[in-house]
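Peer 1: Take a look and give me a structure for this.
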Amino acid sequence: MSAFDPAAVRAGDVLPPLTLTITRGGIVRYAGASTDFNPIHWSDRKARELGLPGVLAHGMWTMGASLRIITDWCADPRRVLDYQVRFTRPVQVPDDDRGVQVQVSASVTGVEAGVATVAVDARIDHEGKPVKVLGNARAHIRL
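Peer 2: Alright, predicted model coming up:
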């Protein structure tokens, strides 16, 4: 799909893919903005004490950043009527300069009464396999 044309949106339309990168530095900035300073988001030691594999990105960062696939597409975040997700797997962020990439894809699953339903899929590479980090992610977009 090229430029967003509300009249042309149809079920089956695929949005341009999005690659997100989160690093430890990004987590620190997000923690400051959100005031969520839970140590699992900055301390490997604290995360491991709780049985986690290491530092995790904030779930709300993953959710919000993944919505960008839709706001980039429709060019107006005010079109987003609602957005909901289920967190299926935390995003572990390594202590390096590369961080982790989240691959986001989305498609229109229906259009009714001037509202498009868009399904969002967000995945990370885990041990060489893509795994979902958001489940049942859906948004309704005013056309």
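Peer 1: List the contacts of Arg68.
Peer 2: When contacts are counted by C-beta atoms under 8 Å, 6 or more residues apart in numbering, Arg68 touches Leu18, Leu20, Val104. All C-beta atoms are positioned from the backbone trio N, CA, C, and that covers glycine.
Peer 1: Check Ala139 too.
Peer 2: Per C-beta under 8 Å, 6+ apart, neighbours of Ala139: Leu67, Ile70, Val80, Leu81, Asp82, Tyr83, Gln84, Thr117, Val118, Val120.
Peer 1: tell me which element the first one falls in.
Peer 2: For Leu67, the host element (DSSP states H and E) is helix 59-74.
Peer 1: Residue ranges in the chain under the pLDDT threshold?
Peer 2: 1-2 (pLDDT under 70).
Peer 1: Can you show me the strands along it?
Peer 2: 18-22, 80-87, 100-112, 115-126, 129-132, 134-142 (DSSP state E).
Peer 1: Show the buried residues in the contacts of Ala139.
Peer 2: Leu67, Ile70, Val80, Tyr83, Thr117, Val118, Val120 (16 or more other C-beta atoms under 10 Å).
Peer 1: close enough to count as contact, the fifth one and Gln84?
Peer 2: Meaning Thr117. No: the criterion here is C-beta atoms under 8 Å, and Thr117 misses it with Gln84 at 11.3 Å.
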